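Trainee: pasting a predicted model and its sequence here:
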Amino acid sequence: MGPIELIFIVTALFGFLIYVFLVYNFNYWKKRGVDGPKPRPLFGNFPSILSQSRHLTYDVDDIYRGYKSKERFVGIFALRSPQLLVLDPKLAQEILVSNFKSFHDNEFGRMVHKDLDPVLSRNPFMLTGSEWKDKRAEVTPALTTLRIKASYPVMQEVCAKMTKYLELETLKPIEGGLNAKELATRFTTEVVANCVYGVEAGAFEDGECKIREMGAKLMSQSLSIQLYFLFVSLFPRMTNICRMRMVTHDTERFFADLMETAIRLRKETKSDRVDFLNYLLQLQEKKNLSTLEMAAHTMTFFLDGFETSSVLISNCLHLLAEHRDIQQKLRDEINAAVASEGGLSYEKLLDLPYLEQCINETLRLRTPLPSNTKLCTENCEIRTSKDKIIQLEKGTVVSIPYYSFHHDSDYYPDPEKFDPERFSPENGGVKKYKDMGVFLPFGDGPRICLGMRFAQCQSKAAIAEIIRNWEIAVDPQTKSEFVIDPKQFLCLPEGGTWLDFRRIVN
């Protein structure tokens, strides 16, 4: 046998072994009697997972639409890792609420390690086992109605800064509109920095804003992180051996230093302001928390208030700019409320039903987090549509497709239409859809988003301020069709959202 033949045989054998490695697990669901689409070598059931030609949400939605009328769930594969895709909202409710004890961990938690990410790993969203419950209980009292209300004057001050910023920006002789996501991020950065750290970020000023820069860095998906997620999908059992830092050291150090500075300034000024920092200082005295634990708690507030809120604000502004009649109806409601009491108080802001409807419809149509993946934390049973019992193994990943539920015409007629009237009191409000299990922008159950009410409050404040003072229209730079950017973790459009602002003279 010559060297060329030997090389050919070795190469063929090596290729065959790789192929076997990629596909040998593809009978996992079939052996358990679970239906599902046929996976492809390397890709599994996500043809876009490597090319990033489109967001994975659309791959999931294709599977959902193909099987939802036949099954409560199907077996799928992320590369070669088996996952259970939930198709029945009632089953999703079981997983998130009634049978929560069997699914209490989020999948992301297994990818974050305390020794590598000492701050992020202490975030209640990432914690696993019983630890998440203890840490969540520590943070929950910081987000009471009283503390959110106490933060509302800060939101009003930031609204005024935003309006001044818009006035200056719209006077500049620059062609094209303003980036709505960037505007919203400036707003949330300023609010969260003040409410959580007690400092002014300077987000609406010219020049560098370090907090905004580090916040963006915290949420960015580097190539190395994307490759690590692919590696975990190929080798799920290797997560405890091959570990990776999710937050860069300089970003983590920045937030830890910011926490130390905030504590020092608060103690020096002896301020008794009722905000999140005030609560954390009380908690520190009571439980002797380390600065690292304090930094982890503040990062929790920061993540909840910084990125998801800015996504909600920018998406809502985009939809209102596309639908000028809805925009005007909302403006009329806001103006009537302001006229009735000479301003927009916290109570009045929360008592604007049409604003609430616009927010809810935005959350439905453009859910910030399109899906959630849970871990099966103990062996358990679930039933198929034919009442057959299926055994789920501990460690199984379960995917809940929020986007697909929200875009299903069986629950929402004409689902691609922006129609705030869906959530009107006359139509049953948001409760109707929550009871059906098909409105899940913040999740559900014991691990529902901690910062939900704060996020909604600051989003309402920003949107009310803009709609009251500005007529907004979609700038031609914005793509006509909303398509989720495949390179983004959250629901953001390809090409960004660019809007034109015209000042309303009151």
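Mentor: It's in.
Trainee: how about the nearest residue to V192, chain neighbours excluded?
Mentor: Take V192 and drop its neighbours on the chain: the residue closest to it by CB to CB, 6 or more residues apart in numbering is G305, 4.1 Å away. Any C-beta I mention is one placed from the backbone N, CA and C, and that applies to glycine too.
Trainee: next one: E465
Mentor: That would be C159: by CB to CB, 6+ apart, it lies 4.0 Å from E465.
Trainee: who's in contact with the one you found?
Mentor: C159 makes contact with F187, A461, A462, E465, according to CB atoms under 8 Å, 6 or more residues apart in numbering.
Trainee: now the helix or strand harbouring L17: mean pLDDT?
Mentor: Under the criterion of DSSP states H and E, L17 resides in helix 3-23. Average pLDDT, helix 3-23: 70.
Trainee: any idea how far the closest residue to N278 other than its chain neighbours lies from D408?
Mentor: Nearest non-adjacent residue to N278, counting by CB to CB, 6+ apart: D272, 7.1 Å away. Noted for D272: a distance of 49 Å to D408, by CB to CB, to the nearest Å.
Trainee: more crowded one of the two?
Mentor: Neighbours were tallied for D272 and for D408 using other CB atoms under 10 Å; the higher tally belongs to D408 (18 against 7).
Trainee: wasn't that one part of a strand?
Mentor: No - going by DSSP: H, G, I helix; E, B strand; the rest coil, the assignment for D408 is coil, not a strand.
Trainee: how about the secondary structure of the closest residue to it other than its chain neighbours?
Mentor: Leaving out its chain neighbours, the residue that sits closest to D408 by CB to CB, 6+ apart is P415, at 6.5 Å. Classification of P415 using three-state DSSP returns coil.
Trainee: so which residues of this protein form strands?
Mentor: Counting by DSSP state E, the chain has strands at residues 73-78, 81-86, 105-106, 178-179, 372-375, 380-383, 389-392, 397-400, 470-474, 498-503.
Trainee: can I assume T251 is in contact with A216?
Mentor: No - with contacts counted by CB atoms under 8 Å, T251 stays clear of A216, the gap being 9.9 Å.
Trainee: out of those two, which sits in the more crowded spot?
Mentor: Taking neighbours as other CB under 10 Å, T251 and A216 compare with T251 leading, 20 against 16.
Trainee: how near is E333 to K348?
Mentor: Distance from E333 to K348, by CB to CB: 11 Å.
Trainee: and those two? Which one has more around it.
Mentor: E333 (19 against 15).
Trainee: show me what contacts the residue lying closest to R122 once chain neighbours are set aside?
Mentor: Once flanking residues are discounted, R122 sits nearest to A296: 3.4 Å by CB to CB, 6+ apart. Each residue near A296 by CB under 8 Å, 6+ apart is listed here: P118, V119, L120, S121, R122, N123.
Trainee: what's the average pLDDT for stretch 126-142?
Mentor: Stretch 126-142 comes out at a mean pLDDT of 83.
Trainee: distance from that stretch to the middle of the chain?
Mentor: Here the centre of stretch 126-142 is set off from its chain's centre by 19 Å, with CA atoms, centre = their mean, to the nearest Å.
Trainee: next one: stretch 361-372
Mentor: 8 Å.
Trainee: ok, residues contacting it?
Mentor: Contacts for stretch 361-372 (CB under 8 Å, 6+ apart): 55, 57, 60, 106, 308, 311-312, 315-316, 319, 399-403, 406-407, 412, 415-416, 418-420, 422-423, 433, 439-441, 443, 482, 484, 490-491.
Trainee: circling back: and for the residue nearest to V192, the neighbour number?
Mentor: Residues contacting G305 under the criterion other CB under 10 Å number 26.
Trainee: next: H113.
Mentor: 18.
Trainee: start to end distance for stretch 472-489?
Mentor: End-to-end distance for stretch 472-489, by CA to CA, to the nearest Å: 27 Å.
Trainee: okay, buried residues for that stretch please.
Mentor: Residues of stretch 472-489 classed as buried by neighbour count (16 or more other CB atoms under 10 Å): I472, A473, V474, D475, T478, F482, I484, D485, P486, F489.
Trainee: hmm, the fourth one is touching W498, no?
Mentor: What that stands for is D475. Yes - D475 lies in contact with W498 (CB under 8 Å); the separation is 4.0 Å.
Trainee: who touches both of those two?
Mentor: Joint contacts of D475 and W498 (CB under 8 Å, 6+ apart) are G176, G177, L178.
Trainee: return the distance of the residue nearest to E465 relative to Y165.
Mentor: Taken as CB to CB, the span from C159 to Y165 is 11 Å.
Trainee: related to what we said a few turns ago, I'd like the distance between the residue nearest to V192 and F482.
Mentor: Applying CB to CB to G305 and F482 gives a distance of 24 Å.
Trainee: all helices of the stretch 301-450 of the chain, in order?
Mentor: Along the stretch 301-450 of the chain, the segments classed as helices by DSSP state H, counting those that start in this stretch run 324-341, 346-350, 353-365, 402-406, 429-436.
Trainee: mean pLDDT and distance to T384 for those helices - can I get that in CSV?
Mentor: CSV is the format used below for the helices of the stretch 301-450 of the chain (pLDDT from 0 to 100; distance: least, CB to CB, whole Å):
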stretch, mean pLDDT, distance to T384
helix 324-341, 96, 42
helix 346-350, 96, 43
helix 353-365, 98, 28
helix 402-406, 98, 19
helix 429-436, 95, 21
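Trainee: dump the ones you listed to CSV, plus distance to T300.
Mentor: As requested, these are arranged in CSV below (distance: least, CB to CB, whole Å):
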stretch, distance to T300
helix 324-341, 31
helix 346-350, 23
helix 353-365, 21
helix 402-406, 21
helix 429-436, 24
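Trainee: deepest-packed of those helices, please.
Mentor: Counting by mean count of other CB atoms under 10 Å, helix 402-406 has the highest mean neighbour count of those, with a mean of 24.
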